[in-house]
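[1] sequence and predicted structure, then a few things I'm wondering about:
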Number of protein chains: 2
Amino acid sequence: MKEINNLSRRRMLVSTGGAMALAGLGGMGSVSAQSAVPAAAAAKPKALPGYAAWKDIDSMIVHSANTIETRRAAFGSSVITPTNRLFVRNNVAPPSEDIVKDPDSWKLEVGGVVKPRTFTVAELKTLGLQAVTIVLQCSGNGRAWFPSKPSGTQWTVGAAGCVTFTGVPVAALLEAVGGMADGMVYMTGTGGEEIPAGLDPNTVMVERSVPISAVKDAILAWEINGEALPLAHGGPLRMIVPGYTGVNNVKYIKQLAFTKEQSPANIQQTGYRFAPLGAKGATTQASIWEMPPKSWINLPSDESKPIPAGQVQISGVAMGGMSAAKSIEVSVNGGKDWQKAEFIGPDLGPYAWREFVLSAKLDAGKHQLASRTTNEAGQSQPEERLENNRGYLNNSWRDHMVTITVA
Amino acid sequence: MKEINNLSRRRMLVSTGGAMALAGLGGMGSVSAQSAVPAAAAAKPKALPGYAAWKDIDSMIVHSANTIETRRAAFGSSVITPTNRLFVRNNVAPPSEDIVKDPDSWKLEVGGVVKPRTFTVAELKTLGLQAVTIVLQCSGNGRAWFPSKPSGTQWTVGAAGCVTFTGVPVAALLEAVGGMADGMVYMTGTGGEEIPAGLDPNTVMVERSVPISAVKDAILAWEINGEALPLAHGGPLRMIVPGYTGVNNVKYIKQLAFTKEQSPANIQQTGYRFAPLGAKGATTQASIWEMPPKSWINLPSDESKPIPAGQVQISGVAMGGMSAAKSIEVSVNGGKDWQKAEFIGPDLGPYAWREFVLSAKLDAGKHQLASRTTNEAGQSQPEERLENNRGYLNNSWRDHMVTITVA
């Protein structure tokens, strides 16, 4: 937890001063990334991969077979992201579709507990039931706006969605196995991806460790938005760690262990680390775990399509990260002035996002629309991103700004 | 409102005594209806009509081209009903699919206000934005269990779903037209169905009036669960009256008027009335408007498939009607004893339903599982339905019971 505290401190420093001088540059970066990305996608439209062929193609940007983004205007305004519009990101190609044909027979090995054993999903279903609505968000969402051009998918806002996962609380599972073994510090989940023969498993396997403080709200899910969890989203069984970035929500989980050390897998040791610019990932750096507060405007957001002058409903989504989004402000002049916007629709709990709206009168011309949120813990979305080598955790309000034309 | 008060009083009388003697009979009715309906559906499976071809056929029971029910085991446990599993019920065949091709150009005429005028959906979108999660439920849901065998679709539990509608608050629209004209008592919506030439429009048109007390929470919706409202659910624009039965949520609404009288349409004058057994509908009877509290168990609910003895998670949904569901009890012995069950998952507001669960140890044998809820206003789900000629508003906990086999 010390790692995250350090990270929060650095975040605080940036959000309260210092980087303000970069504002103009950030704004330019924002505009160019916005127009560049859809153009590139339009130029070379890619087909959906077979395991995700059921996605609504018109709502998606297909970066690659393992990286599929939701278009900014396709989130809707009903809080929950429709499953057929939810982003997909796999670190490794998914296992065979066969594993979701009889989901109840999928097996989970549970270790680092008083009475280690293996459960089928059918058995897990007898232990408890909980539904939790969370923002599922890729660690690299917003990477496209890092001026350092980090390697990796150039996500803008669409590697995120707000969905309800349903399954068994990890706490109920722990009760069934007599609790954790003594001295455990991490909850470690192992994905069911196939490891090609001859490879060191640590170089390939998706095994992530999170602090055991995350156990409280974690579930093992077999359902998303009311339907059986599809392969694309980690079915038959996925670890859900509310408030943590996507990679920590291990797909097709086959092993859950309480451990004294973090996983030896590369994806834990050196991957998903908050590394300084130019530096490689290392265990001395903060692991990418908890999400910071963040918001963005979804409508209007089409920079190529002018809207009529007059009253406009400016709407978007705001998440608090590890606590609920408490307030939201909107600027129609690039962050010079801010107005309090209103949360609308149902409140689905601290890990969900809220829909927000500001009714504003806009005259003809260009307008830079921005939003910034503050969570229950008092953390505010900063003006500037925290630079890091791989472009993680971008929650800069300036980067997420849109420039619209009013005719 | 007096009508509803009378209805509530009658309901109260039934729920607190009197009809208890019918318990045994009600139980038998319940079991036979449960087993009969799936068998009939399996024997003669019907295809989905074109306008609803995108529904998940495995989750649906197709009664007819205009009446499509969600299977009891297909609701999921994530609160929101996936749109492709949501029931469909049309009083009249839907208009052409053409009307949802350019939804922003759909027109709504607004009358009975200080400044009457017509709005396009695009214009409505500039007036305000609100999202509301409601139980959408056909007035006749549960009709299959009325011993009087009322005419109409023999729905069991599946003419209901919990969904989020997004649109403009009627209150914001009223502000834009200078408010209601003096002395108006009802909000009257007119559907966009085509009226065949030569017919008296009153015999066909779907025009419903609700008390203006409903304006407070009502919206005109263009979106459902994050997606543009499809024709099957009333797109491009639907009146949403939270807490009121399905028919009051007028589809493809083309006219909204504030009126001194209820609509002259048959569907308002004589249709959807709480008529005594054997009597025809009349304006002297309560109109079918507000929904009463109701709950039912979804899992386990397959009466033909034994489940293993031991710990079982009994889960379902509970709605409060006009106020939130406050508590929920479950019985595993046909209503002899009751245990407090637990609400799980997010609370999406007073008009949504809640997911609930009871963890119970069940021995081998047959078990009658029942649930009953009480809302914030103190109204409890009664043991027996309130008899009425058309089989509306069934919220009897006994009728909704399931009998499962534990092996």
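    Great, that's in hand.
[2] the stretch 51-200 of chain A: helices as residue ranges?
    A:121-124, A:170-176 (DSSP state H, counting those that start in this stretch).
[3] save these as JSON lines, and put in distance to residue B:319 and mean neighbour count too.
    For every residue, glycine as well, the C-beta is placed using N, CA and C. Compiled in JSON lines, the helices of the stretch 51-200 of chain A are given as follows (distance: least, Cβ to Cβ, whole Å; neighbours: other Cβ atoms under 10 Å in any protein chain shown):
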{"stretch": "helix A:121-124", "distance to residue B:319": "28", "mean neighbour count": "20"}
{"stretch": "helix A:170-176", "distance to residue B:319": "26", "mean neighbour count": "19"}
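[4] pretty sure residue A:76 is touching residue B:226, no?
    Yes - taking Cβ atoms under 8 Å as the definition, residue A:76 is a contact partner of residue B:226 at 3.0 Å.
[5] shared neighbours, these two?
    By Cβ atoms under 8 Å, 6 or more residues apart in numbering or on different chains, residue A:76 and residue B:226 have these common neighbours: A:82, A:85, B:166.
[6] so who does the first one touch?
    For residue A:82, the contacting residues are A:56, A:76, A:225, B:83, B:225, B:226, B:227, taking Cβ under 8 Å, 6+ apart as the criterion.
[7] what's the answer for the last one, then?
    Applying Cβ under 8 Å, 6+ apart, one finds that residue B:166 lies in contact with A:76-78, A:345, B:129-132, B:219, B:221-224, B:226.
[8] how much space between it and residue A:383?
    The gap separating residue B:166 from residue A:383 is 30 Å, by Cβ to Cβ, to the nearest Å.
[9] the second one now?
    Residue A:85 sits 29 Å away from residue A:383, taking Cβ to Cβ as the criterion.
[10] does residue A:275 belong to a helix, a strand or coil?
    Here residue A:275 is recorded as coil under DSSP: H, G, I helix; E, B strand; the rest coil.
[11] number of nearby residues for the nearest residue to it once chain neighbours are set aside?
    Nearest residue to residue A:275, sequence neighbours excluded (Cβ to Cβ, 6 or more residues apart in numbering or on different chains): residue A:389, at 4.1 Å. Burial of residue A:389 is recorded as 19 neighbouring residues (other Cβ atoms under 10 Å in any protein chain shown).
[12] residue contacts, residue A:389?
    By Cβ under 8 Å, 6+ apart, the contact list for residue A:389 reads A:148, A:150, A:275, A:276, A:277, A:278, A:279, A:280, A:281.
[13] in terms of pLDDT, where does it sit?
    Looking at residue A:389, its pLDDT reads 98.
[14] could you do residue A:1 as well?
    Per the predicted model, pLDDT is 36 at residue A:1.
[15] what number of residues lie near whatever residue of the stretch 251-400 of chain A ends up closest to chain B?
    Residue nearest to chain B within the stretch 251-400 of chain A: residue A:345 (3.1 Å; Cβ to the nearest Cβ). The burial count assigned to residue A:345 is 23, neighbours taken as other Cβ under 10 Å.
[16] does it touch residue A:356 like I think?
    No - between residue A:345 and residue A:356 there is no contact, the gap being 9.1 Å when judged by Cβ under 8 Å.
[17] now tell me what touches stretch A:215-223 from outside.
    Residues contacting stretch A:215-223 (Cβ under 8 Å, 6+ apart): A:103, A:108, A:121, A:124-125, A:130, A:132, A:165-171, A:173-174, A:187, A:228-229, A:234-243, A:253, A:256, A:351, B:76-78.
[18] which among these end up buried?
    Neighbour counting with 16 or more other Cβ atoms under 10 Å in any protein chain shown marks A:103, A:108, A:121, A:124-125, A:130, A:132, A:165-171, A:173-174, A:187, A:229, A:234-243, A:253, A:256, A:351, B:76-78 as buried within the contacts of stretch A:215-223.
[19] identify the bridge partners of the spatially most central residue of chain A.
    Closest residue to the average C-alpha location of chain A: residue A:137 at 0.8 Å, with Cα atoms, centre = their mean. For residue A:137, the beta-bridge assignment (DSSP bridges) gives partners residue A:160.
[20] ok so, going back, of the contacts of residue A:82, which pair is most distant in space?
    Largest separation among the contacts of residue A:82 by Cβ to Cβ: A:56 and A:225, giving 13.6 Å.
[21] looking at those two, which is more packed in?
    Taking neighbours as other Cβ under 10 Å, residue A:56 and residue A:225 compare with residue A:225 leading, 28 against 16.
[22] for the stretch 251-400 of chain A, what lies in contact range of chain B?
    Residues of the stretch 251-400 of chain A that fall close to chain B, judged by Cβ under 8 Å from any Cβ of the partner chain: A:310-313, A:315, A:344-349, A:352, A:355, A:357, A:359.
[23] just the ones of these in strands?
    Counting by DSSP state E, these place A:310, A:311, A:312, A:313, A:315, A:344, A:355, A:357, A:359 in strands.
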